[in-house]
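[1] Generate coordinates for the sequence data below:
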Amino acid sequence: MAWIAASPVDVPYATSIVPQMVLLGLGMGLISTPATESILRVLPPARAGVGSAVNDATRELGATLGVAVVGSVFASVYGAALTGGAFDRLPAAAADQARESVVAAAAIADGNPALLAEAQDAFMAGMHAGSLLVAVLCLVGAVVAAIALPGRRSSRDNARDGEFVEVVAEPV
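    A predicted model of the protein is given here:
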């Protein structure tokens, strides 16, 4: 997400956007199962169904809230970036439509390079702000998970002082 936040307006698709999306997909794919396993590991087998349901519900709620918060940040920054420029010289209804919708701004800017450049810059300003917010939240989440995620403590950490505990490596 930090890489996306640093991308310019004219970022090439094949050499930048595709690798960014592949990296994002790999990260999500590689963390989902271990996170779920770590949460369920602390529950007795009879409560695994409840734990799985709570895990799924919190994941869906987090995704929904994430889209809402990041979308709001994007929309706020995007709309503000279209204020005070070339879009202000348009009729008020057209300028308001452009501030409300990226698609409307692109349609209004069609054939006008100055308007199109301003709309693209506003879009990227919103994208950068949203992506940077997600990058910071991911970093904070990673730190919190490393410290507090259930199932992360080894048998040695849970042993009483002076007690010998044999630690057996788990298969990967």
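
[2] What is the neighbour count of the residue lying closest to residue 83 once chain neighbours are set aside?
    Leaving aside its sequence neighbours, residue 83 sits nearest to residue 99 (Cβ to Cβ, 6 or more residues apart in numbering; 7.2 Å). C-beta: built from backbone N, CA, C; applies to glycine. Using other Cβ atoms under 10 Å, residue 99 has 19 neighbouring residues.

[3] So which other helices or strands are in contact with the helix or strand hosting residue 99?
    Assigned by DSSP states H and E, residue 99 falls within helix 92-100. For helix 92-100, the packing partners by 3 or more Cβ pairs under 8 Å, 6 or more residues apart in numbering; DSSP states H and E come out as helix 48-81, helix 102-109.

[4] The residue nearest to residue 83 contacts residue 79, correct?
    Yes. Between residue 99 and residue 79 there is a contact under Cβ atoms under 8 Å: 4.2 Å.

[5] The residue nearest the centre of the chain and residue 63, how far apart?
    Among the residues of the chain, the one closest to the centroid is residue 134, at 4.3 Å (Cα atoms, centre = their mean). Residue 134 sits 12 Å away from residue 63, going by Cβ to Cβ, to the nearest Å.

[6] Give me the distance between the helix ranked longest in the chain and the centre of its chain.
    Across the chain, the longest stretch assigned as helix under DSSP state H is helix 113-148. Relative to its parent chain, helix 113-148 has a centroid offset of 8 Å by Cα atoms, centre = their mean, to the nearest Å.

[7] cool, stretch 37-45 as well?
    Computed by Cα atoms, centre = their mean, the separation of stretch 37-45 from the middle of its chain amounts to 26 Å.

[8] Equivalent analysis for stretch 97-111, please.
    25 Å.

[9] Which positions in that stretch come out as buried?
    Residues 97-99, 102, 105, 108-109 are the ones in stretch 97-111 that count as buried (16 or more other Cβ atoms under 10 Å).

[10] pLDDT (mean, whole number) over it?
    Stretch 97-111 carries an average pLDDT of 94.

[11] Next, the distance between the ends of it.
    Distance across stretch 97-111, first residue to last, is 17 Å (Cα to Cα, to the nearest Å).

[12] circling back to that earlier point, identify all contacting residues around the helix holding residue 99.
    Outside helix 92-100, the residues that touch it by Cβ atoms under 8 Å, 6 or more residues apart in numbering are 78-79, 82-83, 87-88, 90, 104-105, 108-109, 119.

[13] now those residues as JSON lines including distance to residue 30?
    Shown next, in JSON lines, are these (distance: Cβ to Cβ, whole Å):
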{"residue": "78", "distance to residue 30": "31"}
{"residue": "79", "distance to residue 30": "36"}
{"residue": "82", "distance to residue 30": "38"}
{"residue": "83", "distance to residue 30": "41"}
{"residue": "87", "distance to residue 30": "42"}
{"residue": "88", "distance to residue 30": "46"}
{"residue": "90", "distance to residue 30": "47"}
{"residue": "104", "distance to residue 30": "38"}
{"residue": "105", "distance to residue 30": "37"}
{"residue": "108", "distance to residue 30": "42"}
{"residue": "109", "distance to residue 30": "40"}
{"residue": "119", "distance to residue 30": "36"}
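
[14] Understood, closing this out.
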